[in-house]
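Student: turn this into a structure:
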Amino acid sequence: MSAGFLRRVGPAVIVGSVVLGPGSLLTASRVGCDFGFELLWVVAAAAVLMAAMTTLAAHLGATGEGTPCEVLARRAGRPVAALVGLVLFGVVACFQFSNNMGVLAGLEPLGIPAGGATVGTLVALNALVAAALLGFRELYRPLERLMKLLVGLMALAFLGNFALARPSPAAFLAGLVPSLPDGGLRDSLMPVTGMIGTTFSVAGAFYAAYLVRAKGWGREHARERTVDSVVGIGVLGALSMVVLATAATSLHGRIAGDELTTAADVARMLEPLFGAGAVFLFSLGLLAAAFSSFLGNVLIGGTVLADGLGLGGEVDGVWTRRFTIVALVIGMGVALLVQRTGQSPVRLVLFAQALTVLGNPLLAGVLLWLAHSGPREARPPVWTRALAWVGFALVAALAARTAARLL
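Tutor: Presented below is the predicted three-dimensional model:
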């Protein structure tokens with residue numbers, strides 16, 4: 001890719017780097033470990049739906065008469081917009097502790113113990129991010145540059161291990177053909193759900209509407225928005241497939257996926273096969289993935305909450321920064337509590353899952369409603385709306401299944 005092309009893309013690269021976090025790496029590794037290449041097509045399908053939803057959100061952000069929650073407040077009322085912001089912020093704040101833990105997990109295989117250094121590491125990291133939020137006059141450009149750097153590190157790391165593993169091209173291509181493992185849908189439902197959930201993030205797609213406005217794209221940038229969405233989400237899907245294929249080649253048939261409880265365990269499992277270099281590469285990618293999710297996750301929550309409450313929906317806004325720091329503090333506090341006391345955050349996870357049950361269909365429904373309720377000439381392309389309806393049906397079905405499991 002040329003330097004000029006890299007400068008032209010950005011919003012969807014940020015979205016993809018936020019979605020590809022430690023949870024995505026662990027899920028892809030466990031699925032590859034248990035099922036080999038058989039579920040590779042699930043990642044590809046989820047990435048296609050994610051690209052469509054991101055393109056649709058980017059179109060709404062660039063062509064709408066205001067931010068998504070501003071338009072929603074005018075058409076449906078401020079309480080509806082506030083509900084969207086509060087639900088999304090709740091999900092972000094509840095799950096932010098896992099991003100803190102993911103950073104620590106990335107340090108462990110590099111020989112940096114998490115034990116005694118936990119408090120100092122997490123406090124320093126969160127303080128650094130908070131200082132950047134308060135110190136930078138403009139947030140979007142530094143954020144875009146940082147996320148592109150982190151995506152580059154992830155690509156270097158995971159493609160390096162992919163090359164060491166040398167997966168079979170025939171097996172890789174066969175995995176892209178939709179099929180189910182021998183156990184059928186029952187045995188593969190959980191991993192399929194996991195792969196969809198860690199690749200198709202409606203919250204991430206929703207945030208694209210704010211990022212294209214921050215980049216300055218308007219109605220005349222239709223081609224740039226589409227190319228950006230396809231490239232940015234394509235990188236997310238490709239790296240997820242690379243991680244899955246690496247595990248399918250090196251770990252399938254050797255260990256059970258249940259033995260991989262954290263993404264750091266994946267790095268340790270690679271060492272006997274490929275040596276310390278593989279551990280370093282995977283840990284480098286894990287750190288980049290953890291930090292990109294760590295930073296981007298809280299920005300999503302802070303931006304949409306400020307917008308939903310009518311306090312401004314700019315990525316650089318004062319209330320965006322304040323709410324983002326609140327999410328940082330919540331995530332750090334829970335992570336320190338878990339690490340120091342050993343208490344399992346089961347209730348917090350259940351609460352976050354309950355919010356997710358409401359949040360994913362709500363966000364997807366809002367995007368679709370905005371896409372169909374505006375002037376006909378300003379509506380997103382038909383292909384994005386059609387695939388977004390498929391995505392909405394999928395997240396609604398997954399939400400119903402999660403709700404039944406929680407009850």
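
Student: quick one: low-confidence ranges for the chain?
Tutor: Along the chain, the model assigns pLDDT under 70 to residues 1-6, 105-118, 183-188, 263-264, 271-275, 342-354, 357, 377, 406-407.

Student: quick one, strands of it?
Tutor: Using DSSP state E, no strands are found in the chain.

Student: contacting residues for the closest residue in space to residue 101 that isn't next to it in sequence?
Tutor: Computed as Cβ to Cβ, 6 or more residues apart in numbering, the closest residue to residue 101 that is not its neighbour in sequence is residue 335, at 5.6 Å. Just so you know, the C-beta spots here come from the backbone N, C-alpha and C atoms, and that holds for glycine as well. Residue 335 is in contact with 97, 100, 101, 122, counting by Cβ atoms under 8 Å, 6 or more residues apart in numbering.

Student: need these in JSON lines (columns: neighbour count).
Tutor: Output for the contacts of residue 335, formatted as JSON lines (neighbours: other Cβ atoms under 10 Å):
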{"residue": "97", "neighbour count": "24"}
{"residue": "100", "neighbour count": "25"}
{"residue": "101", "neighbour count": "24"}
{"residue": "122", "neighbour count": "22"}
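
Student: how much space between the residue nearest to residue 282 when sequence neighbours are not counted and residue 158?
Tutor: Setting aside the residues directly before and after it, residue 282 is nearest to residue 267 in space (Cβ to Cβ, 6+ apart), at 4.2 Å. Distance, residue 267 to residue 158, using Cβ to Cβ, to the nearest Å: 11 Å.

Student: overlap in contacts of these two?
Tutor: Residues touching both residue 267 and residue 158 (Cβ under 8 Å, 6+ apart) are residue 282.

Student: which non-adjacent residue is nearest residue 299?
Tutor: Of all residues beyond its chain neighbours, the one nearest residue 299 is residue 324 (5.6 Å), with distances taken as Cβ to Cβ, 6+ apart.

Student: against residue 48, how distant is residue 42?
Tutor: Applying Cβ to Cβ, the value for residue 42 to residue 48 is 11 Å.

Student: the more surrounded of these two?
Tutor: Shown here are residue 42 and residue 48; by other Cβ atoms under 10 Å, residue 42 has more neighbours (26 against 19).

Student: the more buried one reaches residue 198, doesn't it?
Tutor: No - the criterion here is Cβ atoms under 8 Å, and residue 42 misses it with residue 198 at 10.6 Å.

Student: what is the burial count for residue 368?
Tutor: Considering only other Cβ under 10 Å, residue 368 is surrounded by 18 other residues.

Student: thought it was touching residue 391?
Tutor: No - judged on Cβ under 8 Å, residue 368 makes no contact with residue 391 at a distance of 9.1 Å.
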